[in-house]
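compute the structure for the input listed below.
(one chain, ligands or ions: 1)
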Amino acid sequence: MADQKPPVSFIGLGAMGFGMATHLVKQGYAVTGFDVWGPTLEKFKAAGGLTATTPAEAVAGKAFCVCMVATAQQAQSVLLEGPNAAITTLPKGAALLLSSTVPCDYVQSLEKSLEAAGRGDVLLVDSPVSGGVARAADGTLSIMAGMSDAALAVARPLLAEMADPAKLYIVQGGIGAGSNMKMVHQVLAAIQILAASESMGFADQLGLDLAKAQAAVLASDAWNWMFEHRTPRMLTEFKPIASAVNIIIKDTGIITAEARRSAFPTLLTSVAEQVYYAGIGRGFGPDDDSSLIRLYTEGKGKIGPVHGLAENDEAKIELVLGLLRGVTLCAAAEALAFADAVGLDLDQVFDLCINAAGGSKALEKFGPEIIKAFRNGTAGQGWAAADGGVVLESIAGELQAAVEEAQRIKAPLFLGSASLTAIRLALQTGTAGLAAGAVVKSRPTFYQPYLITANQICTYLVIFRVGRGLIKNHSMEAITKQHFLHHGKANAADPDEKDNCHLCQIRSFETHSTLPITIINTTRDGATLPPDFRFIDKSIIAPDVPVLEDSFRAGCSCEDNEECMYDTCHCLDELAPDSDEESDEFGEPRRRKRFAYHSQGVKAGLLRSNYLETGEQIYECHAGCSCSPDCPNRVVERGRTVPLQIFRTEDRGWGVRCPLPIRKGQFVDRYLGEIITGEEADRRREAAEMAAHKDVYLFALDKFSDKDSLNPMLAGSPLEVDGEYISGPSRFINHSCDPNLRSFARVGDHADKHMHDLGLFALRDIPQYEELTFDYVSKSGDLEEDAHDPSKRQDMTICLCGTEKCRGFLW
Ligand SMILES: C[S@@+](CC[C@H](N)C(=O)[O-])C[C@H]1O[C@@H](n2cnc3c(N)ncnc32)[C@H](O)[C@@H]1O
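All right, here's what the predicted structure looks like:
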C-alpha cells in the first residue's frame, strides 16, 4: 500500500499540521516531517512518521510538500530563506501546498518569488484549511484551494486525502483566491468566537445559570457553530486548549489588513480585533479563546448595586438570544459583503461557511437573500421582508433590549453595540418592513455618517473662520455654511436661494442616503459650481419634443426573470440567439439569448467584455415589462450604483471621482440633461460663443438614426441631450484619451429608441478616488489631421489628460 502513494514532506507540525500529517501516515503515505520544536518531531516519529532536521532535507526527493506553519513570515523563512530553505532541494515540478492561513497578497507574492528565483516549475497550491484539530486528524477538513489547472491536476488526490469529500472547495481565481475564501470564513469565526464569550458573559452578569443559557441558545435560531464548540470549555475552566487567542488574533489581523487594503468597512471584525488585543494585554494570548468570557465577567460586582429590568430567567434568556441573533445576522452580512468586495463566488462562500466552523442559523436563514441582493445589485438599497419574513426592525428591537439591559447592569457588549449601530445605519432611511438580510445595506452607507460628520466639522470651522473675518470670498466652504445654517429650517431661507442651492438639490435625491453626491474644492482657487447649473436625477424632455403615443409602447411578458434569458423575451428581439433550440418545461421551443450583463456568479450585473470592447447598444427590460424589478437585465434602469464626488482639479476645472472602487463592467451613471430636438441643439450651438465648447455638453441620441427607417422618429434628425445647465454629476466628467469609462446607448421600451439612455460603464477596475473619464471624441482621425495643419492647430484646444496615449488636442 505504502509504495503506491507518493512520498510527502510536511513542514509545520503544530496542532493542525500534526493531525494532518499523521492522518496521511495512517493512509499509507511515507511522510517526512519538519518542525522547529524537537519534541514534536519525536512524537511524529512515534506516530509512524519520518523526520528531518531542515526544510531542505524534508522536501528533497518528494514530489509533494505541505506547508502548515503558523504565519506568512514563517512560510517565507522555511520555503525561501537561507541555505536550508525548501526551495533549494524541492524537486522540479513538485506540488507545494501552502495550507497556512496567510494573506492573499502573501501567497500571490510567493508565486512571484518562486518565478523570480527560477522556480516557476513549482506547482503552487493556495490551500488554507478549516475544521479544527479533530477533523485534521481524521482527514475531513474543509479545504479551500485556488491554483492553476496544472497544479490542480497534480494536487487534487492529496487535497482529497485530507478533506471531507463534500468540503473540498476548488475556488476560482487562482493563487490568492483560496486565502481570500478562508479570510471571509474567518470573518464569521472571529466575530462568533467572541460572540460566544460575550453572550455567556452577559448571561453570567444577568445571573443566569450558564448551562441553562447554553442549552437555550443551542436549541434556538441564535445557534452558531462557534457557540456550540466554545461554550463547553467555558464550563470546564477553558480546558482542553483547542484554539488559542493568539491564533484567532492572527487571522483577525489578516482580515482587517486586507479590509484596509480594499477600503472595505469591517465594523464587527474590527471591534472583535480590539477586544482580542485587550485579552492578550491581560496575558490571555496562549489560553483557549473560550477564556475571553473573563473580559465580560471581570467587572461583575465591582460597581456597586445594579438593577436590571428582566425579572425572570425566561426574560433574561430572551435577552441573550436577542443579542446573539443580532450579532450573527451582522456577522453574516459582513462576511458576505466582504466576499463580494474581493470578488468571490457568493454561492460557494455560502456553501463553505454554512458547513464549516463559520456556520450559523442566521447565515443559513438570511444568507440567500443577501446573496440575491448582491447579484441583483440591490444590496445597497434595502428590500422589504417577504410575507411572514423576519423584519430587520424586530431584530433591532430585541438587540436594543439586550444593549439597554447591559447598560443598566453595566455589562460590556462590544459586539452587541456595534451590531446595533450597523442595523440602525441600515434602517436609517425609515423604510418600514425592511427584511432582516437588508442589514447588508448598512455596508455602503457606513461612509455616510462619516461624511456628514466631516461636513459638519468643516462647517463649524468655516463659521468660526468667517466669524473672525478669516474667510471673505464666496468659496465652496462659504456656500456649505450658508446651506447648513439656513436651508434646513422651514421658511427661514429665501425660497429662491434654497431652490438654487446645489446642496439642497443633491440632498433631495432618493439615493442621497445610500449613494451621496458630494462636492469638494481643496485647491486654492475658491471656485464654486456654476451658479446657473441645476442638478437633476432624471432627464427633462423639452416641451417641443414629440412624445410617443402609449399605443406604441411594449414590454416583455416573461413570467419570471429566468425567461428573460430566452428568445421569448421581446426585449431581446434584436439580439441574435446564441444557442440551439431547446424546450421549456411545456415542451415549447426556445433559444437562449445572451443579454448585455452577466446574470450570475461574481460578475452578476457587470457588462460583458464584448460590449465593453464594441460599444454595442444595450437592450434592457424595463418598467413596461412583466418580469420583476430585480430581473438581471435591468441595470441602467435601477440607476446610479456608486456615490460620486465632484472635485476641483488643478488644471481642468471640476472633475468626478468615486470614493469606492468600481469594477470593470459596472454601470456608473447616466448622462442626464434636457432632451431637445436636433434643430434646437443647432440653435444653441450657433448662439454659443464657441460651437465646439457647446458641443461638449450636447450628446446626439443617434445610435438608431436611419434616414431610411419607417419610423419618422428615427428617420429625422436625432434628438440631443444638453447637460450644460441642467444635469447630474456625470456632466462634470472630464475627457481622457485613455479613459476608464465608456458611454453606451441603452434602450428599454423599443418604442423609445429615438430617446435612448446614455449609460456610462467602467472599462476596467477603477481604484477608489481615481478620476473618472471618458473619451469625448468618438472618431479621432480628423483631429489628428487638423493637428498637422498649423493654421488649424492654433485654434485647437490642448488636451490635458496627461495619459501616455494623449492625442494632444480635445478638439
Ligand atoms: C463636460 S465639461 C467637464 C467638466 C469641466 N471640467 C467643468 O469644470 O465644468 C468639459 C470641459 O472640461 C474641460 N476639460 C475636460 N477634459 C479636459 C481635458 N482632457 N483637457 C483639458 N480640458 C478638459 C474643458 O474645458 C471642457 O470644455
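
check contacts around the closest residue to the ligand within the stretch 551-700 of the chain.
Among the residues of the stretch 551-700 of the chain, residue 653 lies closest to the ligand, at 2.4 Å counting by Cβ to the nearest ligand atom. All C-beta atoms are positioned from the backbone trio N, CA, C, and that covers glycine. Residues in contact with residue 653 (Cβ atoms under 8 Å, 6 or more residues apart in numbering) are 527, 734.

which residues are contacting stretch 279-293?
With Cβ under 8 Å, 6+ apart as the test, stretch 279-293 has contacts from 193-194, 196-197, 200-201, 204, 230-231, 233-234, 238-249, 275-276, 294-295.

ok, stretch 707-724 next?
533, 539, 545-546, 548, 671-681, 684, 694, 697-702, 704-706, 730-731, 753-755, 758.

just the ones of those residues in strands?
Those of the contacts of stretch 707-724 mapping onto strands are 674, 675, 676, 698, 699, 700, 758, per DSSP state E.

OK, contacts around the first one?
Residue 674 sits next to 539, 540, 541, 542, 721, 722, 723, 726 when contact means Cβ under 8 Å, 6+ apart.

quick one: pLDDT of residue 242?
pLDDT, residue 242: 85.

can you say which of the ones in strands among the contacts of stretch 707-724 are buried?
674, 675, 676, 698, 699, 758 (16 or more other Cβ atoms under 10 Å).

quick check: the two most widely separated of those residues?
Taking Cβ to Cβ as the measure, these span a maximum distance of 14.2 Å, between 676 and 758.

I figured residue 107 hits residue 99, correct?
No: if you go by Cβ atoms under 8 Å, residue 107 and residue 99 don't touch, sitting 10.7 Å apart.

out of those two, which sits in the more crowded spot?
Counted by other Cβ atoms under 10 Å, residue 107 and residue 99 do not tie: residue 99 has more neighbours, with 28 against 25.

residue contacts, that one?
Counting by Cβ under 8 Å, 6+ apart, residue 99 touches 20, 66, 67, 68, 127, 128, 129, 143.

also residue 751?
Counting by Cβ under 8 Å, 6+ apart, residue 751 makes contact with 548, 552, 553, 554.

which one of those is nearest to residue 735?
Using Cβ to Cβ, residue 548 comes nearest to residue 735 of the contacts of residue 751, at 33.2 Å.

so the closest residue to the closest one other than its chain neighbours: helix, strand or coil?
Spatial nearest neighbour of residue 548, chain neighbours left out: residue 751 (5.4 Å); criterion: Cβ to Cβ, 6 or more residues apart in numbering. Under DSSP: H, G, I helix; E, B strand; the rest coil, residue 751 falls in the helix class.

residue numbering should commence at 32 henceforth.
Sounds good: first residue 32 from here, last item residue 782.

one step back: and the contacts of residue 130, which two are furthest apart?
98 and 174 (13.8 Å).

related to what we said a few turns ago, dump the buried ones among the ones in strands among the contacts of stretch 738-755 to TSV, plus pLDDT and distance to residue 605.
Listed next are these as TSV, based on pLDDT from 0 to 100; distance: Cβ to Cβ, whole Å:
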residue	pLDDT	distance to residue 605
705	97	28
706	97	22
707	96	26
729	94	27
730	94	22
789	97	18
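
would you list those residues in a markdown table and tack on distance to residue 399?
Shown next, in a markdown table, are these (distance: Cβ to Cβ, whole Å):
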| residue | distance to residue 399 |
| --- | --- |
| 705 | 43 |
| 706 | 41 |
| 707 | 46 |
| 729 | 46 |
| 730 | 41 |
| 789 | 35 |
